[in-house]
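A.B. asks: quick one, fold the following:
(one chain, ligands or ions: 1)
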Amino acid sequence: MKDKTETMKLWGGRFESGPSEVFQRFSWSLHFDRRLFGADIRGSQAYARALARVGILQDEEARAICDALASIPEPPADAPDEDIHTYVIRLLKEKAGGLADKIHTGRSRNEQVSLDTRLWLRDEIDRTTALLRGLMSALLDFAAKHTDTVVAGYTHVRRAQPVTWGHYLLAYFEMFARDHERFQQARTRVNRMPLGSGALAGSGFPVDREGIATELGFDGVTNNSMDVTADRDWALDYLSAASVCMMHMSRLAEDWILYSSDEFGWLELGDGVTSGSSLMPQKKNPDSLELIRGKCGRVFGAYTALFTTMKGLPMTYNRDMQEDKEPLFEAVDQLTMTLEMARGVVETTSLKAGPPQAAAEEGWLVATDLAEALSRAGVPFHQAHQVVGRLVLDSVKQGKKPGEWTGEELHAFDARFTPQMAALMNPAEGMKTRIARGGTAPETVRAALAEARRRLETMS
Ligand code: ARG
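C.D. replies: Predicted coordinates:
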């Protein structure tokens with residue numbers, strides 16, 4: 001490791017000797033917080049201009065500082081600095097000389113790191129929510145092809161009631177729409193400007209906090225300097241939203257791993273998102289989906305890591321909080337890749353015609369429709385439930401499928417069945433009654449799809 005004593009100048013005055021080699025390796029963060037480089041430059045430029053507005057810097061001085069900041073390159077791999085803030089100041093001194101000493105007037109890294117992380121995260125939220133909207137749009141395109149396609153719906157992984165494939169896909173659209181909302185809510189808490197908080201007690205200089213906020217696109221300024229330097233709950237809000245979104249993608253992945261299996265045979269996954277086996281020539285494995293499911297655990301881990309780090313920290317800043325960044329970076333990276341992959345899978349998957357239809361026709365999914373028809377004809381629901389239960393038991397014993405019952409046979413089985421009720425043995429029939437908002441009747445699904453498209457257009 002390079003000798004880093006040269007970098008001590010941000011805080012070296014009180015020390016007679018520099019940090020030990022192991023302490024440097026243990027505590028210095030430039031190898032990861034270099035990702036905040038762009039944010040640190042933007043934030044420092046805004047701070048210089050704010051200092052000029054209150055006369056701490058001359059206008060020309062502020063301009064020279066901003067120009068010098070703009071000319072600083074990304075930190076090289078062997079930069080000998082403690083963190084990104086120290087690196088930027090060192091380079092600023094190289095470029096702007098003594099002027100650079102003024103930029104830190106009233107400013108602490110404790111607020112600077114909050115500013116940089118917020119700026120960076122806000123941009124990442126905007127980027128990842130755009131990817132999320134892309135995934136949602138792909139789901140709607142798939143749903144549009146299948147507003148009327150009947151498949152089996154499951155509870156307990158047992159065939160339950162017929163639904164349309166479009167209705168199933170719109171369920172995921174709703175989950176992702178709430179994720180989108182959660183990311184936007186996290187953004188409103190991230191997007192508050194913390195500079196002017198100092199190390200913990202607030203700035204001793206009349207910095208124009210609102211001006212900095214406006215220049216950097218924040219919604220407003222933070223209210224309390226101790227709160228700023230002590231908390232990272234806004235990062236936890238993001239990690240929580242990211243975890244829930246990953247959980248939703250993981251469940252979609254799990255469904256499709258099952259539905260594309262030989263046992264289900266419903267879905268054909270695109271060649272571009274599947275892998276072969278080095279040994280078994282016939283294999284077409286759903287690795288993309290398995291990795292979506294697998295990466296979910298990493299994001300939960302990031303959330304748990306920061307949550308655990310924050311628990312029990314005394315007021316205000318503690319160096320433990322430097323541990324916020326790697327989990328955040330990890331979560332953003334995994335979420336980004338997973339959103340891209342999930343969209344790629346959705347766009348290249350197709351629903352096969354035979355097996356999902358057969359699953360809906362053969363498994364007595366129509367039992368509820370029959371019981372409800374009896375109930376509509378005046379049979380109290382509990383009795384209707386019993387009658388249909390006996391019909392199913394009898395059929396299972398005989399090996400008779402729903403579609404093999406004629407109207408006459410049905411009426412003969414129990415006179416409360418009318419011969420017309422045999423039409424309900426077709427799963428597409430009973431489905432038509434589920435027109436209450438949120439239900440799976442094809443016309444309701446078509447309306448829900450149109451509504452979902454309108455909603456997606458208004459999201460940003
Ligand atoms: N690298 C530090 C962090 O990420 C910056 C703040 C350092 N402040 C301090 N008092 N050591 O939290």
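A.B. asks: next secondary structure after the helix or strand R49 falls within?
C.D. replies: Assigned by DSSP states H and E, R49 belongs to helix 37-53. From helix 37-53 onward toward the C-terminus, using DSSP H and E, the following helix or strand is helix 59-70.
A.B. asks: the ligand contacts on the stretch 251-400 of the chain?
C.D. replies: With C-beta under 6 Å from any ligand atom as the criterion, the stretch 251-400 of the chain meets the ligand at residues 317, 319, 321-322. Bear in mind the C-beta positions are built from the backbone N, C-alpha and C, glycine included.
A.B. asks: sorry, back to before: please see if the helix holding R49 touches the ligand.
C.D. replies: No - judged by C-beta under 6 Å from any ligand atom, helix 37-53 stays clear of the ligand, getting no closer than 10.6 Å.
A.B. asks: what about A253, how many residues close to it?
C.D. replies: Neighbours of A253 under the rule other C-beta atoms under 10 Å: 24.
A.B. asks: for the one 5 residues further on, same thing?
C.D. replies: Around L258 sit 16 other residues, with neighbours defined as other C-beta under 10 Å.
A.B. asks: how about the residue of the stretch 151-300 of the chain found nearest the ligand, what does it touch?
C.D. replies: Nearest to the ligand, among the residues of the stretch 151-300 of the chain, is A199, at 7.2 Å (C-beta to the nearest ligand atom). A199 is in contact with 108, 110-111, 229, 317, counting by C-beta atoms under 8 Å, 6 or more residues apart in numbering.
A.B. asks: could you flag which of the residues you listed are buried?
C.D. replies: Buried residues within the contacts of A199, defined by neighbour count using 16 or more other C-beta atoms under 10 Å: 108, 110-111, 229, 317.
A.B. asks: using JSON lines, lay out these together with secondary structure and pLDDT.
C.D. replies: As requested, the buried ones among the contacts of A199 are exported to JSON lines (DSSP: H, G, I helix; E, B strand; the rest coil; pLDDT from 0 to 100):
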{"residue": "S108", "secondary structure": "coil", "pLDDT": "94"}
{"residue": "N110", "secondary structure": "helix", "pLDDT": "96"}
{"residue": "E111", "secondary structure": "helix", "pLDDT": "97"}
{"residue": "T229", "secondary structure": "helix", "pLDDT": "98"}
{"residue": "Y317", "secondary structure": "coil", "pLDDT": "97"}
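A.B. asks: number of residues surrounding the closest residue to L57 other than its chain neighbours?
C.D. replies: Nearest non-adjacent residue to L57, counting by C-beta to C-beta, 6 or more residues apart in numbering: L51, 4.4 Å away. L51: 24 surrounding residues under other C-beta under 10 Å.
A.B. asks: quick check: the gap between L51 and the ligand.
C.D. replies: Between L51 and the ligand the distance is 20 Å, computed by C-beta to the nearest ligand atom, to the nearest Å.
A.B. asks: how close does that residue sit to P206?
C.D. replies: The spacing between L51 and P206, counted by C-beta to C-beta, to the nearest Å, is 10 Å.
A.B. asks: got the contact list for the residue nearest to L57?
C.D. replies: Neighbouring residues of L51 by C-beta under 8 Å, 6+ apart: 57, 62, 102-103, 105, 205, 207.
A.B. asks: could you check the pLDDT of it?
C.D. replies: If you check L51, the pLDDT there is 94.
A.B. asks: so the residue of the stretch 151-300 of the chain closest to the ligand sits in a strand?
C.D. replies: No - per DSSP: H, G, I helix; E, B strand; the rest coil, A199 lies outside any strand segment and is coil.
A.B. asks: need the helix or strand of the protein with the lowest average pLDDT.
C.D. replies: Taking mean pLDDT, DSSP states H and E as the measure, the chain has helix 354-362 as its least confident helix or strand, at a mean of 91.
A.B. asks: helix or strand next in line after that one, which one?
C.D. replies: Downstream of helix 354-362, the next assigned helix or strand under DSSP H and E is helix 367-376.
A.B. asks: model confidence over that following helix, on average?
C.D. replies: Across helix 367-376, pLDDT averages out at 96.
A.B. asks: mind listing what's buried in that helix?
C.D. replies: Counting neighbours by 16+ other C-beta under 10 Å, one finds that the buried residues in helix 367-376 are 367-374.
A.B. asks: wait, what's in contact with G13?
C.D. replies: Listed by C-beta under 8 Å, 6+ apart, the contact set of G13 is empty.
A.B. asks: quick check: phi and psi at it.
C.D. replies: The phi/psi pair for G13 (degrees, to the nearest 10) reads phi -60, psi -30.
A.B. asks: for the ligand, see how far away it is.
C.D. replies: Taking C-beta to the nearest ligand atom, one finds G13 at 15 Å from the ligand.
A.B. asks: residues from the stretch 101-250 of the chain in reach of the ligand?
C.D. replies: Within reach of the ligand by C-beta under 6 Å from any ligand atom, the stretch 101-250 of the chain has these residues: 109-110, 113.
A.B. asks: and L10, what pLDDT?
C.D. replies: L10 carries a pLDDT score of 66 in this model.
A.B. asks: same check, this time on R14
C.D. replies: At R14, pLDDT is 83.
A.B. asks: neighbours of it, how many?
C.D. replies: Neighbour count of R14, defined by other C-beta under 10 Å: 5.
A.B. asks: can you give me the buried ones in the host helix or strand of I212?
C.D. replies: If you go by DSSP H and E, I212 is part of helix 209-215. By neighbour count on 16+ other C-beta under 10 Å, the buried set for helix 209-215 is 209, 211-213, 215.
A.B. asks: repeat for stretch 446-460
C.D. replies: The neighbour-count check on stretch 446-460 (16+ other C-beta under 10 Å) flags 446, 448-449, 452-453, 456 as buried.
A.B. asks: return the subset of these lying in helices.
C.D. replies: Mapping those onto helices (DSSP state H) picks out 446, 448-449, 452-453, 456.
A.B. asks: make JSON lines out of the residues you listed and add distance to the ligand.
C.D. replies: Output for those, formatted as JSON lines (distance: C-beta to the nearest ligand atom, whole Å):
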{"residue": "R446", "distance to the ligand": "52"}
{"residue": "A448", "distance to the ligand": "46"}
{"residue": "L449", "distance to the ligand": "46"}
{"residue": "A452", "distance to the ligand": "41"}
{"residue": "R453", "distance to the ligand": "43"}
{"residue": "L456", "distance to the ligand": "37"}
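A.B. asks: averaged pLDDT, stretch 38-48. What do you get?
C.D. replies: Averaged across stretch 38-48, the pLDDT comes to 98.
A.B. asks: flag every buried residue along it.
C.D. replies: For stretch 38-48, burial by neighbour count (16+ other C-beta under 10 Å) applies to 39-48.
A.B. asks: next one: stretch 165-185
C.D. replies: Quick answer for stretch 165-185 (16+ other C-beta under 10 Å): 165-170, 172-173, 175-177, 179-180, 182-183.
A.B. asks: for the ligand, see how far away the residue in the chain sticking out farthest from the centre is.
C.D. replies: Relative to the centre of the chain, the most outlying C-alpha is that of A412, 55.4 Å out, by C-alpha atoms, centre = their mean. Between A412 and the ligand the computed distance is 79 Å (C-beta to the nearest ligand atom).
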